[in-house]
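In: Have a look; sequence and predicted model below, questions after that.
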Amino acid sequence: MVQIEYFFYFCRVNKVFMKKLAVVALGGNALLQSNQAGTIDEQEGNALATAECLVKLLKRDYNIVITHGNGPQVGNIMLANSAANKLYGIPEMPMDICVAYSQGFIGYIIEQQLKNVLEANDMDRDIITITTQVLVNKDDRAFQNPTKPVGPYYSKEEADKFTQETGAIYKEDVRGRGWRKVVASPKPLVIINKKTIEKIAREGHIVIAVGGGGIPVFYVEPHKLQGIDAVIDKDYASALLASQINADKFFILTDIPKVCLDYNKPTERQLDKMTISEAKRYLSEGQFPEGSMGPKIRAAIHFVEHSGKDTIITKTTLLGIDNGGTRITLV
C-alpha cells in the first residue's frame, strides 16, 4: 500500500518538474493604462484582465515566474514622499526603498487578482511575491547618463519647472505622450535569491519577482550590501533572471501585438520572427529607440544568446496563442 502511494506521489512530483518554465515580463499597461488616474480599482481591474491571459500559459503546462514594471507607481511614491516632506517634514525615502514599496503593493495586487482567476478556473496553485534585490555596479556609466523614465507624464512647462526646483532631468516620451523624469538605469548583474525563485517555480507555484527591475544594490565593502539611487530596466533584469534560472521561454508583454519596423510610419510592417543578428542590425539602424522598444529587444537578445531558447514579444491578450507576437531566435 505504501509503495502504491509513493508511486502516485512520484508521478505527481515528476509531472510538475517536467513542465516548461516561462518568465513573463508584464508591461506597464498590465496594471495602469496611460489614460488612467491610477486608482486601486483601475489597477486591480487591469491586473484581473492580465491574470486571465496568464492562465492560458498555465493551461499549456507552463510553470511561470512573473515580473513587472513599476514606472508610474514608483514615480507616484516619490511624489508622495516629496509632498509629505514639504508639508510635514517626514524624511524622504531613497529610490531603492521606493522600489521596494512598489514591489510589495504591486505584487499584492497581481497575486490577489491571479488567485481570483485561478479559483474561477478550478486551479490550485500557491502564488508567492518575493522582494527581490539585484546586484549592480556602482561605477556603471549609466549613473552619468540617466535614461530610465519614471513617474507620470507632464507638459514641457511642468517638466521645466520641476527641473528648476529639484535639478531632476526630464525627457520627452518618444510617442509624444509628454515629459517624464529620467533616472540612472545600471546593468543588472546578479539576481539575488535566484535559486529559491527557480526552486519554488519548478515545484509548480507561481512566483512574482524582480518587480520594477529589482531593488538596485551594490557592495559598499566586502560582505556589505547597500541600496543605490537608480531604477533597473525591468525587461533586462527579467531576461537575466530567465537565463539564470534556465527558463524554457521568455515572454515580454507590451501594448502592441508584434514588433514593427518603421513604427508609426506609412512603411510600418510587423515582424513574425527575427534572429538575434537581425535584431542587432535593426538596433544599430535606429529602428528600436531607447525608452520604447529598444530595451525590450536588448533583453530578448540577452536571453536568446545566454540560453539558446526563444523570446516572444507580444500583446498581453495574445499570450499563449500560437503564432502570437514576434519570436526572437538564435538563428
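Out: Yep, it's here. Numbering: from 1, shown residues only.

In: And the longest helix anywhere in the chain, what's buried?
Out: For the chain, the longest helix by residue count, based on DSSP state H, is helix 95-120. Buried residues in helix 95-120, counted by 16 or more other Cβ atoms under 10 Å: 95-96, 98-103, 105-107, 109-111, 113-115, 117-118. From N, CA and C alone the C-beta is placed, and that goes for glycine too.

In: quick check: mean pLDDT across that helix?
Out: Taken as a whole, helix 95-120 has a mean pLDDT of 96.

In: go on, stretch 21-32?
Out: Here stretch 21-32 scores 90 as its mean pLDDT.

In: for the residue nearest to residue 248 when sequence neighbours are not counted, which residues make a bridge with it?
Out: Leaving aside its sequence neighbours, residue 248 sits nearest to residue 20 (Cβ to Cβ, 6 or more residues apart in numbering; 4.2 Å). Going by DSSP bridges, residue 20 is paired in beta bridges with residue 62.

In: likewise the one 5 residues further on?
Out: Beta-bridge partners for residue 25, by DSSP bridges, are residue 67, residue 252.

In: Please report the distance of residue 290 from residue 330.
Out: Distance of residue 290 to residue 330, computed by Cβ to Cβ, to the nearest Å: 24 Å.

In: Looking at these two, which has the bigger crowd around it?
Out: Neighbours were counted for residue 290 and for residue 330 using other Cβ atoms under 10 Å; residue 290 has more, 17 against 12.

In: For that one, give me its contacts.
Out: Applying Cβ atoms under 8 Å, 6 or more residues apart in numbering, we find residue 290 in contact with residue 147.

In: now do residue 44
Out: 109, 112, 113.

In: let's see it at 6 Å
Out: Shown in contact with residue 44 (Cβ atoms under 6 Å, 6 or more residues apart in numbering): residue 109.

In: Equivalent analysis for residue 270, please.
Out: Residues near residue 270 by Cβ under 6 Å, 6+ apart: 258, 260.

In: What separation do you get for it and residue 297?
Out: 14 Å.

In: Also residue 162?
Out: 30 Å.

In: between the two, which one's more packed in?
Out: With neighbours defined as other Cβ under 10 Å, residue 162 and residue 297 compare such that residue 297 has more, 25 against 18.

In: Going by contacts, tell me the helices and strands next to whichever strand or helix holds the more buried one.
Out: For residue 297, the element it lies in under DSSP states H and E is helix 294-307. Contact here means 3 or more Cβ pairs under 6 Å, 6 or more residues apart in numbering; DSSP states H and E; on that basis helix 294-307 packs against helix 234-244, helix 276-284, strand 311-315.

In: for that helix, which positions count as buried?
Out: Residues 294, 295, 296, 297, 298, 299, 300, 301, 302, 303, 304, 307 are the ones in helix 294-307 that count as buried (16+ other Cβ under 10 Å).

In: what sits against the residue positioned nearest the centre of the chain?
Out: Note on the chain: the residue nearest the mean C-alpha position is residue 68, at 3.3 Å, using Cα atoms, centre = their mean. Taking Cβ under 6 Å, 6+ apart as the contact definition, residue 68 lies against 26, 106, 211.

In: nearest residue to it other than its sequence neighbours?
Out: Nearest non-adjacent residue to residue 68 (Cβ to Cβ, 6+ apart): residue 26, at 4.3 Å.

In: Distance of the one you found relative to residue 186?
Out: According to Cβ to Cβ, residue 26 stands 22 Å off from residue 186.

In: what about these two, which has more around it?
Out: Using other Cβ under 10 Å as the criterion, residue 26 and residue 186 rank with residue 26 on top: 28 against 24.

In: pretty sure that one is touching residue 253, no?
Out: Yes - contact status for residue 26 versus residue 253: in contact at 5.5 Å, counting by Cβ atoms under 6 Å.

In: For this protein, which segments count as helices?
Out: Applying DSSP H to the chain gives helices spanning 2-18, 40-59, 71-88, 95-120, 156-166, 194-202, 234-244, 276-284, 294-307.

In: now the ones you listed in CSV, with distance to residue 222?
Out: Below are the helices of the chain laid out as CSV (distance: least, Cβ to Cβ, whole Å):
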stretch, distance to residue 222
helix 2-18, 37
helix 40-59, 40
helix 71-88, 30
helix 95-120, 20
helix 156-166, 35
helix 194-202, 21
helix 234-244, 22
helix 276-284, 36
helix 294-307, 27
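
In: hey, least reliable of those helices by pLDDT?
Out: For the helices of the chain, the bottom mean pLDDT is recorded on helix 2-18, which sits at a mean of 50.

In: pLDDT score for the spatially closest residue to residue 75 that is not a sequence neighbour?
Out: Excluding the flanking residues, the one nearest residue 75 by Cβ to Cβ, 6+ apart is residue 151, at 2.1 Å. You'll see residue 151 listed with a pLDDT of 71.

In: show me the contacts for residue 151.
Out: 75, 180, 181.

In: same thing but at 8 Å, please
Out: 71, 72, 74, 75, 76, 78, 79, 180, 181 are the contacts of residue 151 under Cβ under 8 Å, 6+ apart.

In: With that, I have no additional questions.
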